[in-house]
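> Any chance you could fold what I've pasted below:
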Amino acid sequence: QVQLVESGGGLVQAGGSLRLSCAASGRTFSSYAMGWFRQAPGKEREFVAVINWRGSTYYADSVKGRFKISRDNAETTVYLQMSSLKPEDTAVYYCAVDRRTHASGSYFRETEYDYWGQGTQVTVSS
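Take a look at the predicted model:
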């Protein structure tokens, strides 16, 4: 059974940094894209970043240049390094695994992901 467990969230001042981790278990993930999404209060969940099976990365425009997604060599943990944080980055952050093997696009759609973590809260104070 696939399990995703996020950690690393917390309270940080604007301009600060946090690193989120997503520990994945239950199968081999090397053939799958893994992404981060977030949901702010009163808003829909939105795409943040993804790393695909080739190691290519893609980001939402709102975080480009500030966030960096990576995965470890064993491909069981995905990280989201967040820098220059802003109050508008406040949200619950979720990691997810793409349902498709060797996917080549459409990483931004929630419907392409079939396993999700429980989420970790990130709060950025002004």
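> for the top strand by length along the chain, which positions count as buried?
Counting by DSSP state E, the longest strand found in the chain is strand 91-101. Residues of strand 91-101 classed as buried under the neighbour-count rule (16 or more other Cβ atoms under 10 Å) are 91, 92, 93, 94, 95, 96, 97, 98, 100. C-beta coordinates here come from the backbone N, C-alpha and C atoms, glycine included.
> Return the per-residue confidence for residue 104.
Predicted confidence (pLDDT) for residue 104: 88.
> residues touching the closest residue to residue 101 other than its chain neighbours, list them.
Closest residue to residue 101 apart from its sequence neighbours, by Cβ to Cβ, 6 or more residues apart in numbering: residue 31 at 4.4 Å. With contact taken as Cβ atoms under 8 Å, 6 or more residues apart in numbering, residue 31 is in contact with 53, 101, 102.
> what comes into contact with the longest strand of the chain?
Contacts with strand 91-101, where a contact means Cβ under 8 Å, 6+ apart, come from 2, 4, 6, 9, 20, 22, 24, 29, 31-41, 43, 45, 48, 50, 52-53, 78, 80, 107, 110, 112-122.
> Neighbouring strands - and their directions - for it?
Strand 91-101 has its sheet partners listed here by DSSP bridges as strand 32-39 (antiparallel), strand 113-116 (antiparallel), strand 120-125 (antiparallel).
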